[in-house]
Structures are given as structure tokens and as C-alpha cells.
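Novice: A predicted structure for the sequence below; I have some questions about it.
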Amino acid sequence: MRIVGAVLRVALGLVFLAAAWDKIVDPLAFAKIIRNYQIVPDQLIAGVALVLPWIEVVVGMCLITGFLSRGASLSASLMMAVFLAAMAWTWHKGISTQCGCFTTKADDAISARTFVRDGSILALAVLVTVESFVRARRV
């Protein structure tokens, strides 16, 4: 189980690195997506657009290396839950916008597909979190 847990942890880390890339490359486009969600106050949008992708990078790197993996996996789970809640709120409000999950391009609108994809990532994150805490109790 240790090998499977490590493979899942690294896979989750790679997902977070992939998710951060486009946001780092084009923070202005990411800021526009955040604004479209109509959740974050305008004064905070630029800061969130600049900082959030780097948090994803740190979490991803911690997961890949195993450094602080319990905290990183818990952070990944919480971030995915917040991301899904934001998507659900926006969809519920009838706001049509990009997900902003993996790309800042216009081809990633919030849809049933993005909910399934991000819900699957949340499930993976929770699995990795549970495994990391169970493993820590055994040591």
C-alpha cells in the first residue's frame, strides 16, 4: 500500500503543478476569471491571482517530494473543496464563466464535465490525505 499511496500522492502533486502553470504564465487572464466568479472582493482579486497559483505549486512540490505530505494533502483537499464550492455557487447563480482550473483559455467553461473532473481530483486528494494520516499513525 505504501507504493500505491506514494504513486497517488505524486499524481496529485503533478495535477496541482499542471493546474498552476497557465495561471502563473497569464495572471491577468486568471484575475479576469476570478472576477467573473463574483465571490472575491475586487480589492483582493489581483493578490489572489498572483498568490494562489504559487500555493498550488508549493502544495504540488510537497506532494511530489513527500515533504510535509500530510499538510500538503490536507491543503489539497481543502483547496479542491473550496474550488468546487465556488464553481457550484457560480453555476447556481447562473453566471457563465470559465472554470480557471487548468487553463485561462475560453475552452474550459464551468460544466458537468468540470464538476466531474474536479470532484474526482477532490476524491483523490481525500484518499491521499487519509492514507498519509493513517501511514503516520503506523510509524
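Specialist: Yep, that arrived.

Novice: so I34 versus S73, what's the distance?
Specialist: 25 Å (CB to CB, to the nearest Å). Quick note: C-beta positions are derived from backbone N, CA and C, even for glycine.

Novice: the more surrounded of these two?
Specialist: S73 (28 against 23; other CB atoms under 10 Å).

Novice: could you give the number of residues near the spatially closest residue to that one that is not a sequence neighbour?
Specialist: Excluding its sequence neighbours, the residue lying closest to S73 (CB to CB, 6 or more residues apart in numbering) is T129, at 4.1 Å. Neighbour count of T129, defined by other CB under 10 Å: 22.

Novice: can you list the buried residues in the one helix or strand T129 maps to?
Specialist: Here T129 sits within helix 112-138, counting by DSSP states H and E. By neighbour count on 16 or more other CB atoms under 10 Å, the buried set for helix 112-138 is 114, 117-118, 121-122, 124-129, 131-132, 135.

Novice: ok, now stretch 36-51?
Specialist: By neighbour count on 16+ other CB under 10 Å, the buried set for stretch 36-51 is Y37, I39, V40, I45, V48, A49.

Novice: quick one: mean pLDDT for that stretch?
Specialist: Averaging pLDDT along stretch 36-51 gives 94.

Novice: cool, and stretch 96-105?
Specialist: 84.

Novice: kindly report the same for stretch 109-116.
Specialist: 90.

Novice: please apply the same query to stretch 8-23.
Specialist: For stretch 8-23, the per-residue pLDDT averages 95.

Novice: put the alpha carbons of that stretch into CSV.
Specialist: Extracted C-alpha coordinates of stretch 8-23, given in CSV (Å, rounded to 0.1, in the frame of the first residue of the first chain):
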residue,chain,number,x,y,z
LEU,A,8,-1.3,8.6,-5.8
ARG,A,9,0.5,11.4,-3.8
VAL,A,10,2.8,12.1,-6.7
ALA,A,11,0.0,12.0,-9.2
LEU,A,12,-1.9,14.6,-7.1
GLY,A,13,1.2,16.7,-6.9
LEU,A,14,1.5,16.7,-10.7
VAL,A,15,-2.1,17.7,-11.0
PHE,A,16,-1.5,20.7,-8.8
LEU,A,17,1.6,21.7,-10.8
ALA,A,18,-0.3,21.4,-14.1
ALA,A,19,-3.2,23.5,-12.7
ALA,A,20,-0.8,26.3,-11.6
TRP,A,21,1.1,26.6,-14.9
ASP,A,22,-1.3,28.6,-17.1
LYS,A,23,-2.3,30.8,-14.1
